[in-house]
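Chemist: Here you go, sequence then predicted model.
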Amino acid sequence: MLSDTIAAIATPPGRSAIALIRISGRGAHELAASVLNPFRAEPYRSARLARVYHPQGGEVLDEVLYVVYSQPHSYTGEDLVEVTTHGGLLIPAEVLGAVLAAGARQAAPGEFTRRALLNGKMDLLQAEAVGDLTDATAPAQRRAEEDSGPIPPEQVDAAIETVRLRLTNLLGTAADGERLRDGAIAVIAGCPNVGKSSLFNALLGRERAIVTERPGTTRDAIEAAASCGGFPFRLIDTAGLRDSEDTVERIGIEFSHRYLAAADLVLFCLEAGRWLSSEESEFLAALTAPVVLVRTKADLGKPLAVPLRGERVVTVSAETGAGLAELRGVLAEVGFSKLAGQGEVEPLITRERHRAALRRALEEVEAFAAARKAGLEGAVAATHLRSAVSALEDVIGLVTTEDVLDRVFARFCVGK
Ligand code: GDP
């Protein structure tokens with residue numbers, strides 16, 4: 001399978017005695033003939049001396065050795081010419097410039113090896129090994145990859161572990177991710193008249209207009225969307241529903257039953273200067289969601305009481321606006337603990353469908369590991385890997401052979 005003629009410097013740039021330029025493709029021999037003089041294609045695979053001339057200007061650029069290969073007996077399986085020039089930065093670049101001026105196309109990273117693969121000169125594992133070899137720094141690593149025999153079991157184990165860890169980490173972002181999409185549920189609770197509705201309105205600010213009553217079975221709360229520290233929240237208040245039977249008279253604390261179980265955090269309001277009553281302490285102790293203790297009506301100037309439990313405490317005044325900015329910041333930290341602190345956000349799962357697919361992929365990877373441990377034949381165990389890939393396809397779309405090739409060749413240097 002011959003294709004257009006590509007060229008690149010195959011050796012690393014910088015100080016060196018010599019450099020190698022590869023020209024491969026249908027017209028490689030003719031193209032070499034147009035810049036090398038004297039040029040002879042045959043006998044193949046023998047080194048000959050020539051000068052490089054610029055095809056347009058005609059000036060002599062270097063004195064070189066060149067070797068001509070004929071398809072399919074070459075690295076790429078195509079007609080190929082390798083030109084060994086003097087080293088350094090300038091001369092190889094000039095010679096490559098002449099080759100490109102003669103009509104070759106600058107090769108993409110890994111394109112030579114990709115052609116070798118497509119022409120059946122090597123399989124994908126060998127191609128990857130070439131990539132590793134190119135990057136190899138330690139002699140031990142070179143030895144490990146030169147042998148294209150079976151992949152050592154430790155390497156498979158390590159790969160499984162890496163995949164398992166990445167899937168687990170990704171799944172760990174699901175809670176924050178889904179909250180990021182839907183808003184963290186923040187339930188405002190506290191005794192009557194502590195300032196819950198005022199706080200609700202103050203936090204909504206200008207977004208007050210979008211307050212909506214959720215159509216539902218029990219009208220025990222009002223929900224409104226608010227942004228705190230750049231993160232989305234669903235503020236839940238019993239505001240205006242004083243007469244609702246759902247208000248828990250027994251303990252005298254107003255909160256939304258319906259939302260409490262799903263709460264990502266609870267804003268518990270307590271007037272500044274007051275201590276928690278035993279009912280309030282009991283209520284707080286029974287909560288599973290993180291609590292932010294909000295001391296309200298700070299402008300009334302009462303002395304501040306010491307918090308009794310380990311909650312985050314913020315003192316605010318809905319009247320003057322004092323402390324509201326701090327409260328927004330604390331809400332962001334508590335509601336989006338994983339995200340609020342980090343500048344660069346990792347990929348996040350934001351959909352239940354993705355979460356389910358990743359969980360399935362993780363299960364299959366673990367099943368593969370278990371099957372290997374149980375000594376199952378590789379081909380049988382690999383069915384789990386295929387299922388894992390198919391689960392991932394549900395998230396990112398079809399994983400084609402072409403995608404795998406792109407991934408493999410993306411990390412190649414030009415000239416390989
Ligand atoms: P809720 O019953 O907990 O929802 O409390 P409200 O928000 O209805 O407030 C009860 C009373 O406290 C009202 O008269 C409010 O005007 C007053 N109030 C609320 N927040 C503040 C505040 O920050 N400063 C002052 N001075 N009064 C407030």
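Modeler: Cool, got the structure.

Chemist: who's in contact with the longest helix along the chain?
Modeler: The residue-count maximum for a helix in the chain (DSSP state H) belongs to helix 352-373. Here helix 352-373 makes contact (C-beta atoms under 8 Å, 6 or more residues apart in numbering) with 153, 156-157, 160, 163-164, 167-168, 170-171, 174, 178, 349, 378, 380-382, 384-385, 387-389, 391-392, 394-395. All C-beta spots, glycine's among them, are computed from the backbone N, C-alpha and C.

Chemist: buried stuff in that helix?
Modeler: 354-355, 357-362, 364-369, 371-372 (16 or more other C-beta atoms under 10 Å).

Chemist: CA-only coordinates of that helix, as CSV, when you get a sec.
Modeler: Taking C-alpha atoms only, helix 352-373 is exported to CSV below (Å, rounded to 0.1, in the frame of the first residue of the first chain):
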residue,chain,number,x,y,z
GLU,A,352,-26.0,9.2,36.3
ARG,A,353,-25.8,7.4,33.0
HIS,A,354,-22.0,8.0,32.9
ARG,A,355,-21.7,7.0,36.5
ALA,A,356,-23.5,3.7,35.8
ALA,A,357,-21.3,3.0,32.7
LEU,A,358,-18.1,3.7,34.6
ARG,A,359,-19.2,1.5,37.4
ARG,A,360,-19.9,-1.3,34.9
ALA,A,361,-16.5,-0.7,33.3
LEU,A,362,-14.8,-0.9,36.7
GLU,A,363,-16.6,-4.1,37.6
GLU,A,364,-15.5,-5.7,34.3
VAL,A,365,-11.9,-4.7,34.9
GLU,A,366,-12.1,-6.2,38.3
ALA,A,367,-13.7,-9.4,36.9
PHE,A,368,-10.8,-9.5,34.4
ALA,A,369,-8.3,-9.3,37.2
ALA,A,370,-10.1,-12.0,39.1
ALA,A,371,-10.2,-14.2,36.1
ARG,A,372,-6.5,-13.8,35.6
LYS,A,373,-5.9,-14.7,39.2
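
Chemist: Quick check: next helix or strand after it?
Modeler: Using DSSP states H and E, the helix or strand that follows helix 352-373 in sequence is helix 378-396.

Chemist: Now the element after the helix or strand of the chain with the lowest mean pLDDT, going C-ward?
Modeler: The helix or strand of the chain with the poorest confidence is strand 212-213; it has a mean of 44 (mean pLDDT, DSSP states H and E). Per DSSP H and E, the first helix or strand lying C-terminal to strand 212-213 is strand 222-228.
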